[in-house]
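**Student:** everything below, folded, please.
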Amino acid sequence: MVFKKVTLVGRSNENFEDATEDAIGRAEQTLNNLQWATVVNQAMMLEGDQHEYQAEIEVAFELEE
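**Tutor:** You can find the predicted model right below:
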């Protein structure tokens with residue numbers, strides 16, 4: 001088995017968990033054979049009264065034969 005890893009950044013106006021789900025949800029739409037995801041970093045963008053939560057994740061998927 002050979003796996004490939006890609007880095008994604010999900011965003012949410014609510015919380016880090018939703019930002020993570022944003023990235024994973026997008027990965028599931030376009031990548032086959034997803035095996036695992038790791039949260040690499042979390043950050044918040046601060047603009048006045050509004051916050052944007054960001055989750056940087058690595059996802060791994062098995063390459064097809």
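
**Student:** nearest spatial neighbour of Thr20, chain-adjacent residues omitted?
**Tutor:** Ala55 (4.2 Å; C-beta to C-beta, 6 or more residues apart in numbering). C-beta here means a position set from N, CA and C on the backbone, and glycine is covered the same way.

**Student:** one more: Val9?
**Tutor:** Glu56 (5.1 Å).

**Student:** is it true that the one you found touches Asp22?
**Tutor:** No - counting by C-beta atoms under 8 Å, Glu56 stays clear of Asp22, with 11.7 Å between them.

**Student:** anything in contact with each of the two?
**Tutor:** With C-beta atoms under 8 Å, 6 or more residues apart in numbering applied, the contact sets of Glu56 and Asp22 do not overlap.

**Student:** coming back round to it: quickly find the element holding the residue nearest to Thr20.
**Tutor:** Taking DSSP states H and E as the definition, one finds Ala55 inside strand 50-62.

**Student:** partners of the stretch of helix or strand Gln42 belongs to, with directions?
**Tutor:** Using DSSP H and E, Gln42 sits within strand 34-47. With DSSP bridges as the test, strand 34-47 is paired with strand 50-62 (antiparallel).

**Student:** convert the strand it pairs with to CSV, retaining C-alpha atoms only.
**Tutor:** The C-alpha trace of strand 50-62 is given here as CSV (Å, rounded to 0.1, in the frame of the first residue of the first chain):
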residue,chain,number,x,y,z
GLN,A,50,-15.7,38.9,13.9
HIS,A,51,-13.4,35.9,14.2
GLU,A,52,-12.6,33.2,11.6
TYR,A,53,-11.4,29.9,12.9
GLN,A,54,-9.0,28.0,10.7
ALA,A,55,-7.8,24.4,11.0
GLU,A,56,-4.9,23.2,9.0
ILE,A,57,-5.1,19.4,8.5
GLU,A,58,-3.2,16.7,6.7
VAL,A,59,-5.3,14.0,5.1
ALA,A,60,-3.9,10.7,3.8
PHE,A,61,-5.4,8.5,1.2
GLU,A,62,-4.4,5.2,-0.3
